[in-house]
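Chemist: Have a look; sequence and predicted model below, questions after that.
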Amino acid sequence: MPHRSRPMTALLAFTGLNVVLVSTISPREGCRQQREAAALAKGIESTQKFL
């Protein structure tokens, strides 16, 4: 393999790895945000009951 093609291979591998990592992290982040929103909504409902 010529020396010039190795940086392109490394760049493609790095980009592919980032795509895989982002696709696995994003759904977890979305679930966390949904849980936080639900907890916040419950907190607001419970405070409105006391008023």
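Modeler: Now that the structure is in, tell me what you want to look at.
Chemist: For burial, what's the neighbour tally of residue 9?
Modeler: Per other C-beta atoms under 10 Å, the neighbour tally for residue 9 reads 10. C-betas here are computed from N, CA, C, even on glycine.
Chemist: any idea how far residue 39 is from it?
Modeler: From residue 9 across to residue 39, the span is 46 Å (C-beta to C-beta, to the nearest Å).
Chemist: Helices of the chain, start to end?
Modeler: Per DSSP state H, the chain carries helices over the ranges 5-50.
Chemist: residue ranges with poor pLDDT in it?
Modeler: Scanning the chain for pLDDT under 70 picks out 1-5, 26, 28, 44-51.
Chemist: and if we set it to 50?
Modeler: The chain contains no residues with pLDDT under 50.
Chemist: Residue 30 and residue 23: what is the separation?
Modeler: Residue 30 is 12 Å from residue 23, by C-beta to C-beta.
Chemist: list residues touching both of those two?
Modeler: Here residue 30 and residue 23 share no contacting residue, scored by C-beta atoms under 8 Å, 6 or more residues apart in numbering.
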